[in-house]
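1. okay, sequence plus prediction incoming.
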Amino acid sequence: MSESRKKAALDYHAFPVPGKLSIELSTPAETQEDLSLAYSPGVAEPVREIARDPELAYRYTGKGNLVAVISDGSAILGLGNLGPLASKPVMEGKGLLFKRFAGINSIDIEVESESPAQFIETVASIAITFGGINLEDIKAPECFEIENQLKARCDIPVFHDDQHGTAIVTVAGMLNALEIQGKSIEDARIVCLGAGAAATACCKLMMAAGAQPEHITMLDSKGVIHSGRTDLNQYKALFATPTSARTLDDAIEGADAFLGVSGPNLLNAAQLSRMAVNPVVFACSNPDPEIDPALAHSVRDDLIMATGRSDFPNQVNNVLCFPFLFRGALDVRATIINEDMKLAAVEAIRAIAKEPVTDAVRRAYGGVDLQFGRDYILPKPTDERLLGRVAAAVAQAAVDTGVAHLPFPDHYPLAGLADIKL
Ligand SMILES: NC(=O)C1=CN([C@@H]2O[C@H](COP(=O)(O)OP(=O)(O)OC[C@H]3O[C@@H](n4cnc5c(N)ncnc54)[C@H](OP(=O)(O)O)[C@@H]3O)[C@@H](O)[C@H]2O)C=CC1
Ligand SMILES: CC(=O)C(=O)O
Ligand SMILES: [Mg+2]
């Protein structure tokens, strides 16, 4: 990043007040009467009601529209394990996106913990406060046990965004990109660089969408995950194949798609040039992708190039999913986010890219006429149709699979934030 962009980014976070979020009042608090209702003695009435019936917390408190964004800072973007405090700008950023795109309130919680068990205990003991939990930037393999145990202990949705939000958007983008390139997910040979939280979930969901396990080659920092390796944990072992490939140089030969969820500048020009014709390259590491788009485009002109960033075409980033998915899950009070809900989100997201963009999106992107094709494989995050379509698809899937406490909302589909009813 240039010095001027660095300064702009730091100033954005420092001004007009430090951080990116504030808490606003939703009720009047001006008069003696207001205060006597808001606090003592009035507040005792909802207390008694909730003690009598815990469901009433959804009627008398903000629980139902409140998501906790929780991290231990062990895998902050692609910057690594920089600890919980350094993760706070990212967690506040997720909060900004929840509010901006789906009207959801959130609180970021950065946890110092010695072990997954301590982290799990901490989160489980505060989960009751929230309508949902968005786990963020927790490294593999710890993230898997953390999410599984919290799902088992909590009756609200627990969603590790780096796994499932990333997977939903990646699969939506991959299906569209392969279609544009005249290929199918069933036949595509896919190289996944990275074997952590995002990689594991992306590859599992790609397989649920039709990718053949034997066509996927996954690599971690030690190389290809193959059946001969004796150092694999149970999560990586699921992706071991009997391939003779050992390095990215070996694996990339003739590949149709590259998915990078690892770190910066790990795919070089020579490797890109050895991919099959019409390749798909998703270099999703943030903030710096596995290959610079300018370099990639200079190497070949038949590729679809995507990154996790907002400042290049084709952003493959979980922002396209988590705000809208949680909107739908909260509005039917889903107890979990299941596979059907994820696949419903995939289809809803990818379908929007095939329709003409709205005037609002065109204006927000400098008047450029975005059309489904190599430089427009996924909708833009500001596309208001995401809220209506993804929330409705997720809510319907939750109802259909019996994990919703409430029926499909009467006020759906949402045309915009103003339509949200709490
Ligand atoms: N665009 C998006 O929406 C998202 C992008 N990401 C990006 O994905 C990346 C990984 O995030 P996440 O999965 O949460 O983190 P994890 O810490 O869970 O996983 C990181 C993985 O990257 C691997 N890795 C690191 N260096 C190399 C290397 N030189 N060659 C091959 N593999 C390497 C690690 O290998 P090993 O197992 O050997 O340590 C590990 O498997 C980050 O850059 C992040 O920004 C993540 C989520 C969303
Ligand atoms: C986008 C995101 O969640 C990440 O890079 O970690
Ligand atoms: Mg993340």
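-> Cool, the structure landed. Numbering: from 1, shown residues only. Ligands and ions are numbered 1, 2, ... in the order given.
2. gap between the residue in the chain positioned nearest to ligand 2 and ligand 3?
-> Going by C-beta to the nearest ligand atom, ligand 2 is nearest to residue 286 of the chain, at 3.6 Å. For the C-beta atoms, the positions are set from N, CA and C on the backbone; glycine is no exception. In this structure, residue 286 and ligand 3 are 8 Å apart, going by C-beta to the ion, to the nearest Å.
3. where does the nearest residue to residue 81 once chain neighbours are set aside sit: helix, strand or coil?
-> Of all residues not flanking residue 81 in the chain, residue 74 sits nearest, at 4.7 Å (C-beta to C-beta, 6 or more residues apart in numbering). Classification of residue 74 by DSSP: H, G, I helix; E, B strand; the rest coil places it in coil.
4. tell me how many other residues crowd residue 74.
-> Residue 74 has 21 neighbours, counted by other C-beta atoms under 10 Å.
5. tell me the contacts of it?
-> The contact partners of residue 74, taken as C-beta atoms under 8 Å, 6 or more residues apart in numbering, are 81, 137, 138, 139, 142.
6. what helix or strand does the second one sit in?
-> In this structure, residue 137 is located outside every helix and strand according to DSSP states H and E.
7. what comes up buried for the longest helix along the chain?
-> Looking across the chain with DSSP state H, the single longest helix is helix 161-180. Within helix 161-180, the residues scored as buried using 16 or more other C-beta atoms under 10 Å are 161-178, 180.
8. now swap in stretch 118-125 and tell me
-> Buried residues in stretch 118-125, counted by 16+ other C-beta under 10 Å: 119, 120, 122, 123, 124.
9. how far does it sit from the chain's center?
-> 22 Å (C-alpha atoms, centre = their mean, to the nearest Å).
10. identify the residues contacting it?
-> Applying C-beta under 8 Å, 6+ apart, the external contacts of stretch 118-125 come out as 68, 70, 72, 111, 113, 133, 135, 138, 142, 145-146, 149-150, 153-154.
11. does whichever helix or strand comes after the longest helix of the chain come close to ligand 1?
-> Reading on from helix 161-180 to the C-terminus, the next helix or strand found by DSSP H and E is strand 190-193. Yes. Residues of strand 190-193 contacting ligand 1 under C-beta under 6 Å from any ligand atom: residue 193.
12. and the contacts of strand 190-193?
-> Strand 190-193 has contacts (C-beta under 8 Å, 6+ apart) with 199, 202-203, 206, 211, 215-219, 239, 248, 251-252, 255-262, 266-267, 290.
13. so which of those residues belong to strands?
-> Mapping the contacts of strand 190-193 onto strands (DSSP state E) picks out 216, 217, 218, 219, 257, 258, 259, 260.
14. which residues does the last one contact?
-> Under the criterion of C-beta under 8 Å, 6+ apart, the contact list for residue 260 reads 193, 194, 266, 267, 281, 282, 283, 284, 285, 289, 290, 291.
15. for the third one, same thing?
-> Applying C-beta under 8 Å, 6+ apart, one finds that residue 218 lies in contact with 192, 194, 195, 199, 203, 224, 225, 236, 239.
16. for it, give its distance to residue 233.
-> 13 Å (C-beta to C-beta, to the nearest Å).
17. closest residue of the stretch 51-200 of the chain to ligand 1?
-> Residue nearest to ligand 1 within the stretch 51-200 of the chain: residue 196 (1.9 Å; C-beta to the nearest ligand atom).
18. which one is that residue nearest to, not counting chain neighbours?
-> residue 140 (3.7 Å).
19. burial of the one you found, as a residue count?
-> 23.
20. was I right about it contacting residue 201?
-> No. Contact criterion C-beta atoms under 8 Å: residue 140 and residue 201 do not qualify, at 9.6 Å.
21. so which of the buried residues of helix 161-180 reach ligand 3?
-> residue 162 (C-beta under 5 Å from the ion).
22. can you name the residues in contact with the lowest-mean-pLDDT helix or strand in the chain?
-> The weakest-scoring helix or strand in the chain, judged by mean pLDDT, DSSP states H and E, is helix 359-364 (a mean of 93). Identification of contacts with helix 359-364 by C-beta under 8 Å, 6+ apart yields 368, 369, 370, 379, 380, 382, 383, 384.
23. domain ranges for the protein?
-> If you go by automatic domain parsing, the domain ranges for the chain are 29-156, 164-307, 321-419.
24. now render these as CSV, adding distance to residue 15.
-> Formatted as CSV, those follow (distance: least, C-beta to C-beta, whole Å):
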stretch, distance to residue 15
domain 29-156, 14
domain 164-307, 21
domain 321-419, 23
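25. mind listing what's buried in stretch 128-142?
-> Residues 129-142 are the ones in stretch 128-142 that count as buried (16+ other C-beta under 10 Å).
26. okay, now the residue in the stretch 251-400 of the chain positioned nearest to ligand 1: neighbour count?
-> Nearest residue of the stretch 251-400 of the chain to ligand 1: residue 308, at 2.8 Å (C-beta to the nearest ligand atom). Neighbourhood size, residue 308 [other C-beta under 10 Å]: 27.
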